[in-house]
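S.K.: Sequence plus predicted model, see below.
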Amino acid sequence: MERKPFAITLNPASSLANHTGNWRTMRPIYVDHLPPCNQGCPAGENIQGWLYEAEEGKYEQAWRKIMEENPFPAIHGRVCYHPCETACNRGQLDEPVSIHAVERFLGDYAIEQGWQVEAGVETGKRVLVVGAGPSGLSAAYHLARLGHAVTIIEAGPKPGGMMRFGIPQYRLPRNVLDAEIARIVAMGVSIHLNQKVDNLETTIQEGEFDAVFLAIGAHLSKRVDIPGRDAGRMIDVLGFLKGMDGRAVPKIGRRVVVYGGGDTAIDAARTAKRLGAEETILIYRRDRGHMPAHDFEVEEALEEGVLTRWLQTIRQVDNTTLTVEEMTLDEQGRPQPTGRIETLEADTVILAVGQEVDTGFLEDVPGLDISSDGVIQVDASMMTGRAGVFAGGDMVPAERTVTVATGHGKKAARHIDAYLRGSEYRKPSPNTVAAYDRLNTWYYTDADKNRQPYLDLARRRASFEEVVGGLDTDTALLEARRCLSCGNCFECDTCYGVCPDNAIIKLGPGQRYEVNYDYCKGCGVCAEECPCGAIDMVKEVR
Amino acid sequence: MPYQRVKFYQTGTFTVGNRLLDESNRTVQAGMDRTNSLNSGHRACQGCGEALGARYALDAVMRATHQQMVAVNATGCLEVFSSPYPESAWQIPWLHSLFGNAPAVASGVAAALRAKGRKDVRVIAQGGDGATVDIGFGCLSGMFERNDDVLYVCYDNEAYMNTGVQRSGSTPPRAWTNTTQAVGVDPGNPMGIGKNLPRIAMAHGIPYVATASVADLHDLEAKVTKAMNFRGARYIHIHVPCPLGWKSDPAHTIKVARLAVESGLFPLIEAEGGEVTDRTPIRKQVPVEQYLELQGRFKHLFHPRDERALEAIQAIADANIHRYQLLPVKA
Amino acid sequence: MKHHIEGSQAVAHAIALCRPEVMACYPISPQTHIVETLSRKVKAGEIGNCQFLNVESEFGALSVLIGASAMGARTYTATTSQGLLFMAEAVYNAAGLGLPIVMTIANRAIGAPINIWNDHSDSMSMRDAGWIQLFAEDNQEAVDLHIQAFRLAEELSCPVMVCMDGYILTHAYEVVDLPTQEQVDGYLPAFEPVQVLDPQDPVSIGAMVGPEAFAEVRYLAHDKHLRALEAIPRLSQAFQDIFQRRSGGLLKAYHTDEAETILLALGSVNGTIKDAVDDLRKEGWPVGSLALCAFRPFPSHALRHVVQDAKRIIVFEKDLAVGKGGIVSSDVKMALRGLPTIVDTVIAGLGGRPIPKASVINTVKQACLEGLEEPHFLDLNWDAINRELTRQQAQRRSGPTAENILREIGAPGASPI
């Protein structure tokens, strides 16, 4: 018998018997979309993933997540031109997350803490890497993690390649570079310095290598044909920058002209300034807007007193007198001569008009396809026409940056690993990109970017101290928390909260959520409100 | 501001929860142990703002009172979709009497508790805008002036939805309803000021009056929680979009509510003893058009474009912004 | 102890002894003296921790009691006439929810024309709402019925109206034996609700019920009233055991044995009727009378048992089913279906019109000798009616009937035509 009045009085939550899920025509599903930062990262980092860890102050987990893709967080945090930040959706809200600054913090923190990475279980396979630049070291690191024995042969006196010989100390302190390379060496990678591979086939046979990765940087400066009486006053930029690393400091005089508009030209100009040049003049044939150099580098150079002459070409060098011609840009943005000539004085002219790879040692390798500018053709697995020989970095057609090179190293390592195992590496097909319009930005607070400290100008002009400082544990945390977690659930409970039917089940910390399809009516509020766009509505099929 | 916004937690500060926040600083709704006062299996339409608002408010009351509460419900959608025999979605002691008497019934519950010396059990009355601003207004005013220890929560979806979308005293100017059709001269609800119940409630001088929106859960919960710190008559007016009656996408329920707040058409305020004490600033002001155009009930303002009406509605928002100083003070 | 006391105050005294916990009141004549007195008693702390709410309307008053009763409190209010109509929705609701609220109806006519005097139109309008309706014959019974009402209501979980004639009883000073607190406490146990709002045991009260169960719910309300037919005399007897006097019950017969004609009425008019019966009996007329104390539930079987040997029942009722006639008499006819008994309807005492003993006697004689038209209106001023009817036929815009009639009969203050 009913204890309570019939029908008028009901037991609590008896509605659970009513499964409203059968009203549904659309079904919410949880998804992980590709954040634009990850998509933009040439090194293939899961940036959103490690920022997620860093947000919680789990710095080691965050660092290890980077290390799954990139062995150089401290370096990249300094020298990478961070296309991730260009892609960052937060840039459309206020300013991009300062990803590089957090990465640098993690990298430095790891060095400070002495965190190491273990090599993988030995496979017995041997891999030769030619070149100890970012690409070669990256490949070596990943191959070592995969258990292969790696030998690097490097022509230079120190490992690091362009990271050492092309990037000035004030951007990348050498102790940082050394520490991150040392970590790779500690994994059992052997680096043979001051050795050149003269004949690759011979080296392969003698070393009994099962595979090769070619990763030689573009160390040959391009020449331009400038008539001049005193060629000694003209030096190439790589020679100049290399000269900075440990050997005799180049003598450049009081007035220095740097000719070129790329990042290397900027590096040279800023280095010259630090060497005591009273006047450093950057001459570039187009204008600032058309410079290939990154604008923040130009800005820093200008702050430090580097002078510029846009829209000029050097026509002639006559002892200390330079003849320059004023240029104008045509509709395509190409420089055209105007015939207007002027002269200026310079003690030294540094030519920074591009670099090439020395591929001479590869001439006898069968099957290699080397184009006239020294670039080697590779297939999708980065393998050259010669089976088992892979190539990457500056040697293959791509943008020549440390990050691209590092990414090549990883990619090559994965393909080499598959090659060695007799299989094929298939990169998981990327998820659709979490574009800005997937986000519900109302849920994020306004949060200004955390600025990295800058060395004061007087010291920047006079020393090679690092210009840009790092974040500390607090500011790094705050900056990591600016991440919008585009396309990936960050467990904010919004779906769980906004469901009018309590049809989202919260599984607990780290476990995310589940839809209770018994009650979900398919209204779509969860998907609409999800701050980071991690819920899709799909057609219900019964 | 009714609650401390922890800027330190930038990732989703305004989200329901946040794994970075201490549990005690998350919303009630983020809790795995939340009450779900209004449970699954209720028969509200897809994307029902009222179902959401009711669970938000009551769960917050449940937490504030340590589960010692009784709710009285006016007739209306909320009552009908939650309690059709033989299934009730309520997990709380709940009483439905009539359309127009919820405030008085709640007064009676409060009086009984007083008579029995049960200070620990608190009383909530709730209803839609029809029950509140129209048919139950007399009882509500009586409850206010006697200062009975009741928190009355109005879920305002701006028309009689349960009966099939007819105009109420809370229907906004120019909105279509089935009794203010979008035909003739000045189609839709006539331009006028309507009945602003929060201000009428304030005029009673009761201890606490607030407006809230399902679009701002932190704000809503903070206000409900604060209301429970007072004894006497309290009133919270919650804006709850109705996809059916507003002809809006069910998925847009919160979005629409948010635009109402961000445009200034639904100001979020608090008042104590009849005086406004605080307001929640608009985070990013939007023109009223952005709010209106998501709703089919205002479609006639855009086809063809009715500039005069749009300007008049914008003027209402502007007046609210001015009255309550809704725009944030620039640092 | 016996007191010479006004009916309203006597009732208030009895209510106070019943230890109500929540009262919500709205002023309307002629019940106002009851709630005024209770208000004073509550304020003076004479009724424990009882809460007295001054509300904004009768609708609010009963609504407050609905909430309080559902929360497990013993509740009381009083109203009448327009007030009862204004709370009508809540009247049905309280019964539908099965809440044992006790309410005094100080019976009064319903306007327009507005009229504050006694008849039974108000409670009759709510006769099908599901409330038990008990009618007091005098102030002693009014006092006693309220005490019984609480016990009855709470035992059945059903609201009870105690109806007492406005002014005639509410404002009349009579000698009333007021019970003691001990007596009332001995009769009326503490309220134990069958359903209650309890955070420890949450239930949903007031569900929406569709066609699949609504009829069953209504039958159960009816069944409750059928059980009340048993409970009312039992509780009346229990009352007598403690208070040593007979009060309440379903009905009270007066000289009905071997009566050929039985006069039947509700409320205070039974005093006049009993006098008339005495006079008629002296003249040799075989008459008796029957006071109906319980009108809802309607005591059909008890009534039939008492009157089955009579030839004629004359129902004197203070109400009018416009367009039909008697309300009570219809129920009486239904109760006596199959019997050859003649049932006459006498519409009397509307809007406070006196029911003189002589008119009663004359009507009885007329009925017995000539028979009565159905329904029969007692002491109607046919001249005034006919002149008004004539005027209405003569001109479309004939003006307000009530004003016209007042002029016809030359009531003080009425302007001449």
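M.R.: Done, it's in.
S.K.: since we're on the closest residue to chain B within the stretch 51-200 of chain C, how many residues are nearby?
M.R.: Of all residues in the stretch 51-200 of chain C, C:Gly67 sits closest to chain B, at 2.8 Å by CB to the nearest CB. Every residue, glycine included, has its C-beta placed from N, CA and C. Close neighbours of C:Gly67, defined as other CB atoms under 10 Å in any protein chain shown, add up to 34.
S.K.: so who does it touch?
M.R.: When contacts are counted by CB atoms under 8 Å, 6 or more residues apart in numbering or on different chains, C:Gly67 is found next to B:Val72, B:Leu95, B:Ser97, B:Ala104, B:Val105, B:Ala106, B:Ser107, B:Gly108, B:Val109, B:Ala110, B:Ala111, B:Ala112.
S.K.: could these be laid out in JSON lines, adding neighbour count, secondary structure and pLDDT?
M.R.: What follows is the contacts of C:Gly67, written out as JSON lines (neighbours: other CB atoms under 10 Å in any protein chain shown; DSSP: H, G, I helix; E, B strand; the rest coil; pLDDT from 0 to 100):
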{"residue": "B:Val72", "neighbour count": "34", "secondary structure": "strand", "pLDDT": "98"}
{"residue": "B:Leu95", "neighbour count": "28", "secondary structure": "strand", "pLDDT": "97"}
{"residue": "B:Ser97", "neighbour count": "30", "secondary structure": "coil", "pLDDT": "97"}
{"residue": "B:Ala104", "neighbour count": "37", "secondary structure": "helix", "pLDDT": "98"}
{"residue": "B:Val105", "neighbour count": "36", "secondary structure": "helix", "pLDDT": "98"}
{"residue": "B:Ala106", "neighbour count": "34", "secondary structure": "helix", "pLDDT": "98"}
{"residue": "B:Ser107", "neighbour count": "34", "secondary structure": "helix", "pLDDT": "98"}
{"residue": "B:Gly108", "neighbour count": "36", "secondary structure": "helix", "pLDDT": "98"}
{"residue": "B:Val109", "neighbour count": "34", "secondary structure": "helix", "pLDDT": "98"}
{"residue": "B:Ala110", "neighbour count": "31", "secondary structure": "helix", "pLDDT": "98"}
{"residue": "B:Ala111", "neighbour count": "30", "secondary structure": "helix", "pLDDT": "98"}
{"residue": "B:Ala112", "neighbour count": "29", "secondary structure": "helix", "pLDDT": "98"}
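S.K.: just those residues now: which is nearest C:Ser330?
M.R.: The nearest member of those to C:Ser330, counting by CB to CB, is B:Ser97 at 31.5 Å.
S.K.: Do I have it right that the closest one meets B:Val72?
M.R.: Yes - because the distance of 7.2 Å satisfies CB atoms under 8 Å, B:Ser97 is recorded as touching B:Val72.
S.K.: Give me the distance between stretch A:175-193 and the centre of its chain.
M.R.: 20 Å (CA atoms, centre = their mean, to the nearest Å).
S.K.: likewise stretch A:235-254?
M.R.: Relative to the centre of its chain, stretch A:235-254 is centred 27 Å away, using CA atoms, centre = their mean.
S.K.: for the residue of the stretch 51-200 of chain B found nearest chain C, what are its contacts?
M.R.: Among all residues of the stretch 51-200 of chain B, B:Gly108 sits closest to chain C, at 2.8 Å; criterion: CB to the nearest CB. Going by CB under 8 Å, 6+ apart, B:Gly108 touches C:22, C:24, C:53, C:63-71, C:73, C:75.
S.K.: Narrow those to those in strands?
M.R.: Using DSSP state E, the subset of these located in strands is C:Val22, C:Ala24, C:Leu53, C:Thr75.
S.K.: ok, which pair from the residues you listed is furthest apart?
M.R.: Pairwise distances across the ones in strands among the contacts of B:Gly108 peak at 10.4 Å for C:Leu53 and C:Thr75 (criterion: CB to CB).
S.K.: tell me, what's touching these two both at once?
M.R.: Where contact means CB under 8 Å, 6+ apart, the residues bridging C:Leu53 and C:Thr75 through contact with each are B:Gly108, C:Val22, C:Met23, C:Ala24.
S.K.: Reformat those as JSON lines; add distance to A:Gly262.
M.R.: JSON lines is the format used below for the shared contacts of C:Leu53 and C:Thr75 (distance: CB to CB, whole Å):
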{"residue": "B:Gly108", "distance to A:Gly262": "83"}
{"residue": "C:Val22", "distance to A:Gly262": "87"}
{"residue": "C:Met23", "distance to A:Gly262": "92"}
{"residue": "C:Ala24", "distance to A:Gly262": "87"}
